[in-house]
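Colleague: need a structure here:
(2 chains)
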Amino acid sequence: NIVLTQSPATLSVTPGESVSLSCRASQSISTSIHWYQQKSNESPRLLIKYASQSISGIPSRFSGSGSGTDFTLSINRVESEDFSIYYCQQSYSSLFTFGSGTKLEIK
Amino acid sequence: QIQLVQSGPELKKPGESVKISCKASGYTFTDYAMHWVKQAPGKGLKWMGWINTYTGKPTYADDFKGRFVFSLEASASTANLQISNLKNEDTATYFCARGDIGTTDYWGQGVMVTVSS
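Modeller: Now for the predicted structure:
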């Protein structure tokens, strides 16, 4: 199975800062990586698909990049509503997997 | 609008079975796959597998082969997850999510299953 490693596990930032979250795959997966946001006690929400493709209704401050094994979710000028957990998910293999998540918390 | 509405919370004893439903609306049910995702308390998301809503063929992740069954009531636009011989470690929230070419774009609200003697 393809293992996704997310880092850091927790990221403490001040609102207004810009951040980058990392997701590394155990093998090359082209651009078959997707990013989700999960707020406390809510269902996950799709933010970015296929590494860098935007999703309708998602604020433009969220962007994604990367290919192969290294991927990044960037948030430009974090807002208070962005403090939550972020997961990456791969669909390169027919057996999907999620990363362990990065918690974005207020500093 | 597109919605996935799941059934209510469940409290079960070890060894019992549970069946969770996920009713879709706002789109053609058989045009999209349905995925299932487990989230244990305080833990991350774990992909369980998916079911082809057109053919009914399920695919299970390795950790979910044996006691877990995905099924459909296509005429009712409903996908089901049945777990048999429940164990304490099955205590979790179970989400259904619509599959759209590798991603999952709409999610149900989740069902909390508690297994306790």
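Colleague: who are the contact partners of the residue lying farthest from the centre of chain B?
Modeller: When distances to the mean C-alpha position of chain B are computed (Cα atoms, centre = their mean), the maximum falls on residue B:117, with 23.3 Å. Contact analysis of residue B:117 by Cβ atoms under 8 Å, 6 or more residues apart in numbering or on different chains lists B:13, B:14. Heads up, the C-betas are built off the backbone N, CA and C, glycines and all.
Colleague: same question, residue B:44
Modeller: A:85, A:87, A:98, A:99, A:100, A:101.
Colleague: hmm, 10 Å instead?
Modeller: In this structure, residue B:44 makes contact with A:6, A:38, A:85, A:87, A:98, A:99, A:100, A:101, B:38, judged by Cβ atoms under 10 Å, 6 or more residues apart in numbering or on different chains.
Colleague: test my guess that the third one contacts residue A:36.
Modeller: If I follow you right, that is residue A:85. Yes. With contacts counted by Cβ atoms under 10 Å, residue A:85 reaches residue A:36, the gap being 8.9 Å.
Colleague: between these two, who's got more neighbours?
Modeller: Comparing residue A:85 with residue A:36 by other Cβ atoms under 10 Å in any protein chain shown, the one with more neighbours is residue A:36, at 26 against 20.
Colleague: doesn't that one lie inside a helix?
Modeller: No. Counting by DSSP: H, G, I helix; E, B strand; the rest coil, residue A:36 is not found in a helix; it is strand.
Colleague: so, in contact with chain A or not, stretch B:87-96?
Modeller: Yes. Residues of stretch B:87-96 contacting chain A under Cβ under 10 Å from any Cβ of the partner chain: B:93, B:95, B:96.
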